[in-house]
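Q: Here you go, sequence then predicted model.
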Amino acid sequence: MIPAPLRLRLDGAALVANWRALARMSGDAACGAAIKADGYGLGARGVATRLADAGCRDFFVATWAEAMALADLDVSVSVLHGVREADLPVALAAGHARPVLNSAAQVQRWRDAGGGRCDVMVDTGMNRLGLSPQDVADGLIDGLNIDTLMSHLASADEAVPLNREQRDAFAALRGRSGARRMSLANSAGIALGGDYHFDLTRPGIALYGGVQAAAHTGCIRQVVMPQAQILQRRLVPTGQVVGYNATWRATVDTPVAIVNLGYADGYLRCFSGRGCAFVGDRRLPVIGRVSMDMIALDLCAAPELDEGDWVSIDYALPETAALSGLSQYELITGLGGRFDRIWAD
Ligand SMILES: *Cc1c(COP(=O)(O)O)cnc(C)c1O
């Protein structure tokens, strides 16, 4: 394999520490892990093996393709999008994975197919996926072999009345479904307090370094660090410009690095003139526009850098979200296929 000129440094110790912190904050509830979208862009297998070794037992993906990519690992997987007709052959045969049934049609499909254990999603106010509490009261899921009854919070990262309303609507279903467990909280939901934890929590973004709640500040560590190699170094004379549309002009003779990273890798145009890279603690601002496969960095703080040297991209999620206007989720799930994903451990 040819090594790529860009890589994601993935800190496995930080990932595990984040999961342990969230498990601790989840109190008596078990703590699972959302690893949909290929582990939020890090690589679902690398995430799942490390968290399974740490004791995580419950994993959540979106689709059956994602579930089957983990079939050889010793993990239990819930498929959040449920089961389509086309998924049935795989879903019925998969020993390690079960569907999260979201609609009356999915419930009927699973019953008709003689499906075994499943999970069920109830919508308590987000109006995204799930049966209504009334469906549950009407007996729609009676007799199903349900592991976990779930609901999902719309605004867990905000202090709004909807959180309490959703929590209360969900709690009212206790004892009504025959489910072995109940699960409500995502990352931010864990920070809302003990009465949001139920039996199982489902953090995603916080595992990967996302911080949305004051309670997570200081205990959630950065996991993902993009790094890229310098492709060319040049000296831009005073008065000359750099990049598309000439948005940056040198006010002094400036050493500049052209680096192997661009918007096609998920480093979007909003970082033009705003992002920065680091070498040690020396800061190298992005100058001019982000190109498809390249950025330009001002090397004034590290003039010795040359072709082939590596720089680290400033990518701490909360700060980078504030800087860019992108969500912390978009920042990591958008990192493309051209990175070599390299776990530090
Ligand atoms: C993605 C997802 C999660 C994890 O959410 P985070 O905000 O990333 O912690 C939990 N539950 C469901 C149903 C999800 O879709």
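A: Arrived safely.
Q: Next SSE downstream of the helix ranked longest in the chain?
A: Assignment by DSSP state H gives helix 12-25 as the longest helix of the chain. Next helix or strand after helix 12-25 toward the C-terminus (DSSP states H and E): strand 30-31.
Q: Neighbouring strands - and their directions - for that next one?
A: Next to strand 30-31 in the sheet, as set by DSSP bridges, lie strand 200-201 (parallel).
Q: Run through who's touching the strand it pairs with.
A: Residues from elsewhere that reach strand 200-201 (C-beta atoms under 8 Å, 6 or more residues apart in numbering): 22, 26, 29-32, 58, 148, 181-186, 189-190. In this view, the C-beta of every residue, glycine as well, is placed from N, C-alpha and C.
Q: Could you pull up the contacting residues of Asp112?
A: Counting by C-beta under 8 Å, 6+ apart, Asp112 has no contacts.
Q: Which pLDDT does the model give it?
A: Predicted confidence (pLDDT) for Asp112: 98.
Q: Could you report the distance from it to Ala105?
A: 10 Å (C-beta to C-beta, to the nearest Å).
Q: now Gly189
A: Using C-beta to C-beta, Gly189 is found at 28 Å from Ala105.
Q: cool, and Gly325?
A: 38 Å.
Q: Which one's more surrounded, these two?
A: Between Gly325 and Ala105, Ala105 has the larger neighbour count (other C-beta atoms under 10 Å), namely 13 against 10.
Q: so who does the more buried one touch?
A: Here Ala105 is in contact with no residues (criterion: C-beta under 8 Å, 6+ apart).
Q: wait, what's in contact with the residue in the stretch 1-150 of the chain that the ligand sits nearest to?
A: At 3.7 Å from the ligand, Ala34 is the closest residue in the stretch 1-150 of the chain, using C-beta to the nearest ligand atom. Neighbouring residues of Ala34 by C-beta under 8 Å, 6+ apart: Tyr40, Phe59, Phe60, Asn186, Arg202, Pro203, Gly204, Leu207.
Q: Now it: closest residue in space, sequence neighbours ignored.
A: Distance criterion C-beta to C-beta, 6 or more residues apart in numbering; nearest residue to Ala34, sequence neighbours excluded, is Gly204 at 3.2 Å.
Q: Verify the stated contact: that neighbour with Lys36.
A: Yes: counting by C-beta atoms under 8 Å, Lys36 is a contact partner of Gly204 at 7.5 Å.
Q: okay, and the common contacts of the two?
A: Joint contacts of Gly204 and Lys36 (C-beta under 8 Å, 6+ apart) are Phe60.
Q: rewinding a little: mind giving me the PyMOL command for buried ones among the contacts of strand 200-201?
A: Of the contacts of strand 200-201, the buried ones can be selected in PyMOL as follows, counting by 16 or more other C-beta atoms under 10 Å:
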select buried, resi 22+26+29+30+31+32+58+148+181+182+183+184+185+186+189+190
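Q: What about the ligand: which of the contacts of strand 200-201 touch it?
A: When the contacts of strand 200-201 are filtered against the ligand using C-beta under 6 Å from any ligand atom, the residues retained are Asn186.
Q: if we can go back for a sec, what about the residue nearest to Ala34, neighbour count?
A: 20.
Q: could you list every residue that touches it?
A: Counting by C-beta under 8 Å, 6+ apart, Gly204 makes contact with Ala33, Ala34, Ile35, Lys36, Tyr40, Phe60, Asn186, Ser187, Gly210.
Q: From what I see, the fifth one and Gln328 are in contact.
A: When you say that, I think you mean Tyr40. No: assessed by C-beta under 8 Å, Tyr40 is found out of contact with Gln328, at 9.5 Å.
Q: shared neighbours of the two, anything?
A: Ile205.
Q: what does the average pLDDT come to for stretch 117-124?
A: Here the average pLDDT along stretch 117-124 is 98.
Q: what's the distance between whichever residue of the chain sits closest to the ligand and Gly308?
A: With C-beta to the nearest ligand atom, the shortest gap between the chain and the ligand falls at Gly204, namely 2.5 Å. Between Gly204 and Gly308 the distance, using C-beta to C-beta, works out to 36 Å.
Q: same check, this time on Val211
A: Counting by C-beta to C-beta - Val211 and Gly308 are separated by 34 Å.
Q: Comparing those two, which residue is more hemmed in?
A: Val211 (25 against 10).
Q: Now do the SS call for that one.
A: Here Val211 takes the coil state, with states given by DSSP: H, G, I helix; E, B strand; the rest coil.
Q: Quick check: chain neighbours aside, which residue is closest to it?
A: Using C-beta to C-beta, 6+ apart, the nearest residue to Val211 is Pro318, at 4.6 Å.
Q: For the one you found, what are phi and psi?
A: phi -60, psi -40 (degrees, to the nearest 10).
Q: how many other residues sit next to it?
A: Pro318, neighbours per other C-beta under 10 Å, totals 17.
Q: which residues touch the residue sitting nearest the centre point of the chain?
A: The centre of the chain sits closest to Tyr40, judged by C-alpha atoms, centre = their mean, with a distance of 3.2 Å. Contact analysis of Tyr40 by C-beta under 8 Å, 6+ apart lists Ala34, Val47, Gly204, Ile205, Leu207, Tyr208, Tyr329, Ile332, Thr333.
Q: Where strands are concerned, which of these count?
A: Ala34 (DSSP state E).
Q: I'd like the contacts of Tyr40 laid out as JSON lines, including distance to Gln227 and pLDDT.
A: Shown next, in JSON lines, are the contacts of Tyr40 (distance: C-beta to C-beta, whole Å; pLDDT from 0 to 100):
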{"residue": "Ala34", "distance to Gln227": "26", "pLDDT": "98"}
{"residue": "Val47", "distance to Gln227": "19", "pLDDT": "98"}
{"residue": "Gly204", "distance to Gln227": "24", "pLDDT": "98"}
{"residue": "Ile205", "distance to Gln227": "22", "pLDDT": "98"}
{"residue": "Leu207", "distance to Gln227": "21", "pLDDT": "98"}
{"residue": "Tyr208", "distance to Gln227": "17", "pLDDT": "98"}
{"residue": "Tyr329", "distance to Gln227": "21", "pLDDT": "98"}
{"residue": "Ile332", "distance to Gln227": "15", "pLDDT": "98"}
{"residue": "Thr333", "distance to Gln227": "19", "pLDDT": "98"}
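Q: Appreciated, that's everything.
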